[in-house]
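Here is a sequence together with a model predicted from it:
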Amino acid sequence: MQFTGTENYVATEELKVAVNAAIALQKPLLIKGEPGTGKTMLAFEIAKALNKPMYTWHIKSTTVAQQGLYEYDAVARLRDSQLGEEKVKDIANYIVKGQLWNAFESETEQAVLLIDEIDKADIEFPNDLLLELDKMEFFVYELQKTIKAKNRPIVIITSNNEKELPDAFLRRCFFHYIRFPEKSTMQEIIDVHYPNIEQKLVDEAMRIFYNIREVKGLKKKPSTSELIDWIHLLRLGGADTSELEKLDLSEELPPQSGALLKNEQDIELLTKMKKGYQRKFY
Ligand SMILES: Nc1ncnc2c1ncn2[C@@H]1O[C@H](COP(=O)(O)OP(=O)(O)OP(=O)(O)O)[C@@H](O)[C@H]1O
Ligand SMILES: [Mg+2]
């Protein structure tokens, strides 16, 4: 069982090696990289390529580790008891399974479990999952039973590096950083999204895009997903490739620049560049 990429997702050789190493070691794969470089999509594509059921756990600042295991819905039980419902007697009716439990329980098939954006949670969150991810089991106090993974799921964990992860957690993972795609990889990614696109448009869009990324001091560099969106808009607007070819960032902002530049400081930075250019020459 090897991950070799999919027709919708361009995986570099390094990334494929990392995915397969994590699968072979049966360790979670920790994926880092700039926003929009395909971290989340990777997990979905692995599940699709290997034909496995997928469970997704999106982490927020308020998420606690226990929610991935299970939650006991005491409020529902209280309400039912007031209504005299029969099911109140069995506490199991009020145990709500989390995504880890669902993935562990996947009967016939090994599942893929995505823990998305782990760095959004509290600093203790990764530490609270050490044992569960290591042993792939946990104890349900209310039911007095241990839930153990029938097949160890393939666990993909993504992070945008907003917080450092603890060493003990890192030790348990296989790590891969998705480097920002070089032009040849980016070309492949664009081809996957727009198979019949005019090459000239791609060349010009990529030139402008990589030039913007090189502007020093940008708060938010546009990434793969933004380039994909921008090209989409250029095509919708029937962009004139000869106009794009002439476009010089030091003279004007690119059309539909809202797809690429995501805050006023960056727009200002590029506009200043333009003024600086004029001062130099006039
Ligand atoms: N290697 C790739 N192959 C195909 N499409 C890609 C690739 N990388 C990025 N994309 C495109 O970029 C979009 C964003 O990818 P995704 O949501 O997985 O990024 P991310 O790294 O999880 O970003 P964030 O950190 O913001 O969550 C995808 O929906 C896809 O259109
Ligand atoms: Mg993501």
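Yep, it's here. Because the structure is a prediction, the values reported are computed rather than measured. Ligands and ions are numbered 1, 2, ... in the order given.

Tell me the helix or strand right after whatever helix or strand residue 158 lives in.
Assigning secondary structure by DSSP states H and E places residue 158 in strand 154-159. Scanning forward in sequence from strand 154-159 by DSSP H and E, the next helix or strand is helix 167-171.

which SS state does whichever residue of the stretch 101-250 of the chain sits closest to ligand 1 fall under?
Among the residues of the stretch 101-250 of the chain, residue 225 lies nearest to ligand 1; the distance is 3.4 Å by C-beta to the nearest ligand atom. C-beta: built from backbone N, CA, C; applies to glycine. Secondary structure assignment for residue 225 (DSSP: H, G, I helix; E, B strand; the rest coil): helix.

tally of neighbours for it?
Residue 225: 16 surrounding residues under other C-beta atoms under 10 Å.

For it, which non-adjacent residue is closest in space?
Leaving aside its chain neighbours, residue 225 sits nearest to residue 36 (3.5 Å; criterion: C-beta to C-beta, 6 or more residues apart in numbering).

Ok, residue 26 next?
Per C-beta to C-beta, 6+ apart, closest to residue 26 is residue 152, 5.0 Å.

repeat for residue 18
Once flanking residues are discounted, residue 18 sits nearest to residue 176: 3.7 Å by C-beta to C-beta, 6+ apart.

now swap in residue 137 and tell me
Spatial nearest neighbour of residue 137, excluding adjacent residues (C-beta to C-beta, 6+ apart): residue 148 at 4.0 Å.

What count of nearby residues applies to that neighbour?
Residue 148 has 13 neighbouring residues, counting by other C-beta under 10 Å.

Quick one, grab the pLDDT at it.
We have a pLDDT of 95 for residue 148.

wait, what's in contact with residue 177?
Residues near residue 177 by C-beta atoms under 8 Å, 6 or more residues apart in numbering: 31-33.

Name the nearest of the residues you listed relative to residue 161.
Taking C-beta to C-beta as the measure, residue 161 sits nearest to residue 32 out of these, at 5.8 Å.

Could you check whichever strand or helix holds the closest one and say which residues are buried?
Applying DSSP H and E as the criterion places residue 32 in strand 29-33. Within strand 29-33, the residues that count as buried by 16 or more other C-beta atoms under 10 Å are 29-33.

ok, and which of the residues you listed reach ligand 1?
Among these, proximity to ligand 1 is found for residue 33 (C-beta under 6 Å from any ligand atom).

Tell me the one among the buried residues of strand 29-33 nearest to ligand 1.
The closest of the buried residues of strand 29-33 to ligand 1 turns out to be residue 33 (C-beta to the nearest ligand atom; 5.7 Å).

how much space between that closest one and residue 266?
To residue 266, residue 33 is 20 Å away according to C-beta to C-beta, to the nearest Å.

Kindly report the residues of the stretch 1-150 of the chain close to ligand 1.
Proximity of the stretch 1-150 of the chain to ligand 1, by C-beta under 6 Å from any ligand atom, involves residues 9-10, 33, 35-41.

Quick check: phi and psi on residue 177?
phi -100, psi 120 (degrees, to the nearest 10).

so what's it bridging to?
residue 32 (DSSP bridges).

Mark which of the residues of the stretch 1-150 of the chain next to ligand 1 are buried, thanks.
Buried by 16+ other C-beta under 10 Å: 9-10, 33, 36-41, out of those.

Which ones among the residues of the stretch 1-150 of the chain next to ligand 1 map onto helices?
Using DSSP state H, 39-41 are the members of those that sit in helices.

and of those residues, the nearest to residue 169?
The nearest one, if we look at those relative to residue 169 and count by C-beta to C-beta, is residue 39, at 17.2 Å.

Check what pLDDT that closest one gets.
pLDDT for residue 39: 97.

Looking at this protein, which residue is nearest ligand 1?
For the chain, C-beta to the nearest ligand atom, closest residue to ligand 1: residue 38, 2.6 Å.
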